[in-house]
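Student: Structure, please.
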Amino acid sequence: MGIRIICDSTCDLTGKEAEKLGVTLVPLKVLFGEEEYLDGVTIAPGEFYAKLKEAKELPKTSQPSPDSFLELFRQAKEEGDEVLCILLASNLSGTFQSACLAKDMADYDKIYVLDSETATLGCQLLIQLAVKLVKEGLSAAEIFDILEKKKKQVRIFMVVDTLEYLKKGGRLSTAGMIAGKVLNLKPVISVYDGTPHVTSVARGKKSAWEKIFKIIHDEQADLAKGYYIGYTGETDNSEEFAGLVREKYAEKERGVVTVGSVIGVHVGPGANGIAVFVKGHA
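Tutor: The predicted structure follows:
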């Protein structure tokens with residue numbers, strides 16, 4: 001009997017990375033009008049951001065159906081494996097609900113479905129922890145209980161080029177929008193409890209990045225557990241920010257994440273961010 005780790009595509013692991021970790025990915029969908037794409041399968045990030053730039057209307061996203069999970073759950077049941085699902089925050093998508101419905105239909109008590117309360121590079125922190133704990137021989141139930149606590153310590157801090165995508169996608173409150181409407185200010189977004197929050201604003205990206213570093217210090221980031229860097233849009237968007245992060249937090253980096261199409265719809269191009277664990281929240 002083994003443990004199968006299942007995640008949705010918004011964790012933004014590449015196919016090769018997922019295979020290396022032994023993780024199965026269930027894709028969400030992105031729709032440009034009547035054109036439908038599977039996130040990370042039939043549309044790569046580069047192609048997505050090129051299409052987003054030309055799109056007259058914001059593309060829509062769609063969660064996986066319960067059947068997408070049910071097939072995987074039934075396979076695990078037949079082989080007697082435990083299942084650990086680590087999924088996009090339920091506040092941001094119905095993906096978690098789809099998996100819970102599939103669990104009920106599978107009628108198998110060895111399925112554990114985690115609402116990560118985060119996304120993309122934040123999910124990758126939890127996935128890496130889960131993989132580590134599997135190797136250490138813990139059961140799926142034990143790992144699930146640890147992740148339920150550790151997810152409260154996950155923070156994503158991100159500078160976005162504009163709040164318009166979050167506004168159009170309905171992922172930010174009106175109060176949050178007010179903070180970002182001042183001319184020439186770059187918003188700093190913090191993602192926790194499954195929700196994006198405007199935590200600060202600054203004049204220009206470099207000043208906003210410094211705000212992130214201050215927040216990381218103030219939030220008592222547990223950098224010994226590592227961090228992920230993430231970006232949206234063109235590759236060169238990440239290089240300067242990644243360089244600054246590496247100067248400050250040498251040898252703690254776990255990787256650079258290209259944020260894919262589903263999260264990219266709501267964040268837009270030109271964003272940079274970092275995911276860390278913080279202390280004192282669990």
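Student: now Q220: how far from K151?
Tutor: 17 Å (C-beta to C-beta, to the nearest Å). Using the backbone N, CA and C atoms, a C-beta is placed for each residue, glycine as well.
Student: Which one of the two is surrounded by more residues?
Tutor: K151 (26 against 14; other C-beta atoms under 10 Å).
Student: tell me the pLDDT at the more buried one?
Tutor: At K151, the pLDDT value in this model is 97.
Student: Could I get the full set of helices for the chain?
Tutor: 15-21, 45-54, 66-79, 95-106, 120-135, 140-150, 164-168, 174-179, 205-218, 236-248, 261-267 (DSSP state H).
Student: the inter-axis angle of the fourth one versus helix 66-79?
Tutor: If you take axes from the mean of the first three to the mean of the last three C-alpha atoms, to 10 degrees, helix 95-106 sits at 50 degrees to helix 66-79.
Student: what do you get for the longest one?
Tutor: Angular relation of helix 120-135 and helix 66-79 on a 0 to 180 degree scale: 10 degrees, by the same axes, to 10 degrees.
Student: Distance from the chain centre to helix 120-135, please.
Tutor: Remark: helix 120-135 is offset 12 Å from the chain centroid, using C-alpha atoms, centre = their mean, to the nearest Å.
Student: what does the fourth one give?
Tutor: Taking the mean of its C-alpha atoms, helix 95-106 sits 20 Å from the chain's own mean (C-alpha atoms, centre = their mean).
Student: Okay, buried residues for that helix please.
Tutor: Burial within helix 95-106, assessed by neighbour count using 16 or more other C-beta atoms under 10 Å, is assigned to T95, F96, S98, A99, C100, L101, A102, K103, A106.
Student: need those in a markdown table with distance to V83 and pLDDT, can you?
Tutor: Output for the buried residues of helix 95-106, formatted as a markdown table (distance: C-beta to C-beta, whole Å; pLDDT from 0 to 100):
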| residue | distance to V83 | pLDDT |
| --- | --- | --- |
| T95 | 15 | 98 |
| F96 | 14 | 98 |
| S98 | 14 | 98 |
| A99 | 10 | 98 |
| C100 | 12 | 98 |
| L101 | 14 | 98 |
| A102 | 10 | 98 |
| K103 | 8 | 98 |
| A106 | 9 | 98 |
